[in-house]
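Peer 1: Quick one: sequence and predicted model below, then my questions.
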Amino acid sequence: MNDNVPPSIAARILVRGVIIGFLIACAARLGWAAGGWIIG
């Protein structure tokens, strides 16, 4: 890791990772729900 990275940039990357993970989790849950509804 580079210790010269400003905290603001590190926080921005962290927030972006959390948002992307949240969107992926929501998309996967919606996909499973839609698949189960279509099959069931």
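Peer 2: Ah, there it is.

Peer 1: Tell me where the chain has strands.
Peer 2: According to DSSP state E, the chain carries no segments that qualify as strands.

Peer 1: shaky segments in it?
Peer 2: Applying pLDDT under 70 to the chain flags residues 1-2, 39-40.

Peer 1: Which parts of it are helices?
Peer 2: Assigned by DSSP state H, the helices in the chain fall at 7-39.

Peer 1: Geometric centre of it: which residue is closest?
Peer 2: Closest residue to the average C-alpha location of the chain: G21 at 1.3 Å, with C-alpha atoms, centre = their mean.

Peer 1: And it, how far from A33?
Peer 2: G21 is 19 Å from A33, where distance means C-beta to C-beta, to the nearest Å. Yep, even glycine has a C-beta here, placed from its N, CA and C like the rest.

Peer 1: Pull the number of nearby residues for A27.
Peer 2: Neighbours of A27 under the rule other C-beta atoms under 10 Å: 10.

Peer 1: go on, G36?
Peer 2: Around G36 there are 9 residues (other C-beta under 10 Å).
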